[in-house]
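**Student:** coordinates for the following, if possible.
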Amino acid sequence: MNALSASAAAQKIPTSTEPDFAAIKNRQKAAWASGDYAVVGTTLQIVGESLCEALDLRAGHRVLDVAAGNGNASLAAARRWCEVTSTDYVPALLERGRERAAAERLAGQIEFREADVEALPFDDGSFDAVVSTFGCMFAPNPPRVAGELLRVCRPGGKIGLANWTPDGFIGQLFKTIGKHVPPPAGVSSPALWGTHGRLAELFETEAADIQAKPRHFVFRYRSPEHWLDVFRGYYGPVLKAFAALEGTAAQQALADDLLTLIGRFNVADDDTMVAPSEYIEVVVTKR
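**Tutor:** Residues are numbered from 1 along each chain as shown. Take a look at the predicted model:
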């Protein structure tokens, strides 16, 4: 057990009040498996490219992409001639990654494996770099997630993350959804992964260095209504939020609040949507 795991175990909340992480994870898995995240995920490709540059990946590096979705960071690392293992707990998303890798003739560079970020099926120190773009931040047990990322990364290796911030567009999206569909009790907001305090709490004990730089991904859609249609139809957490609300009035209230939110962030001077969403690009160097 590493230092972070030991610390987490020592501070473990009594079983009587600990969230049912298994049940929460099953609901999350169902949410991400609904719709088709790849429709949204593909638009985020530039984030994976930027993260791989920040990590200064070299040809031959062993790279693990966790909660990889449809493989943005996996493809970016493969383009840099790395030996990539792409993992997610939703098989349909891994299949989308396989399709993309085959289309780009990168299939020989990437192994796709079903895996849970909180229980990675790899030996200690197996990888030179471990990456996740808007993925592992959504797992319900942050200390366990961080412990696994650190465990499978070799000493001197790097962990690269792209995490939405609480005040950015996507952080506020989840806050808005939470007003209509309350999140599970005892589970912290995933957007806390986009704060320096949470990063220090999770990684500082085993990190030689933590670099976190603010970045922006710009959501570009035909209109705010187009964005809402796409996210409502394909982005699991939004799709499930609407499904959880009973009645047209409740669903319309959520839709109205989301359109109001877009209005706060949209910088387009025409009828389209151009909404910058802040995230932090994180590079943790393991001792």
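**Student:** from now on I want contacts and neighbour counts done on CA atoms only, so please keep to that.
**Tutor:** OK.
**Student:** what sits against the nearest residue to D36 once chain neighbours are set aside?
**Tutor:** Nearest-residue entry for D36: Y234, 4.6 Å, with adjacent residues in sequence omitted and distances by Cα to Cα, 6 or more residues apart in numbering. Shown here is Y234, whose contacts under the criterion Cα atoms under 8 Å, 6 or more residues apart in numbering are 34-37, 39-40.
**Student:** from these, which is closest to V63?
**Tutor:** Nearest to V63, judged by Cα to Cα, of the contacts of Y234 is Y37 at 22.7 Å.
**Student:** so that closest one sits against P237, correct?
**Tutor:** No - Y37 is not in contact with P237 according to Cα atoms under 8 Å; the separation is 9.7 Å.
**Student:** quick one: pLDDT of the residue nearest to D36?
**Tutor:** Residue-level confidence at Y234 comes out at 97, pLDDT.
**Student:** got it, and T260?
**Tutor:** If you check T260, the pLDDT there is 98.
**Student:** sec struct for it, please.
**Tutor:** Following DSSP: H, G, I helix; E, B strand; the rest coil, T260 is assigned to helix.
**Student:** can you count the residues close to it?
**Tutor:** Number of residues near T260 (other Cα atoms under 10 Å) recorded here: 13.
**Student:** same question for A250.
**Tutor:** Neighbour tally, A250, other Cα under 10 Å: 14.
**Student:** and what of A103?
**Tutor:** The criterion is other Cα under 10 Å. On that basis, A103 has 10 neighbouring residues.
**Student:** could I get the full set of helices for the stretch 51-200 of the chain?
**Tutor:** Per DSSP state H, counting those that start in this stretch, the stretch 51-200 of the chain carries helices over the ranges 72-79, 91-103, 142-152, 169-180, 196-203.
**Student:** helices or strands next to the fourth one in the packing?
**Tutor:** The criterion is 3 or more Cα pairs under 8 Å, 6 or more residues apart in numbering; DSSP states H and E, and the helices and strands that helix 169-180 contacts are helix 236-244, helix 248-265, strand 273-286.
**Student:** including distance to P166, could those go into JSON lines?
**Tutor:** Listed next are these as JSON lines, based on distance: least, Cα to Cα, whole Å:
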{"stretch": "helix 236-244", "distance to P166": "16"}
{"stretch": "helix 248-265", "distance to P166": "14"}
{"stretch": "strand 273-286", "distance to P166": "9"}
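**Student:** out of those, nearest to F134?
**Tutor:** Between F134 and these, the shortest separation by Cα to Cα is 9.0 Å, and it involves strand 273-286.
**Student:** okay, the angle between that closest one and helix 142-152?
**Tutor:** Taking axes from the mean of the first three to the mean of the last three Cα atoms, to 10 degrees, one finds that strand 273-286 is oriented at 60 degrees with respect to helix 142-152.
**Student:** report the inter-axis angle for strand 273-286 versus helix 169-180.
**Tutor:** Going by the same axes, to 10 degrees, strand 273-286 makes 100 degrees with helix 169-180.
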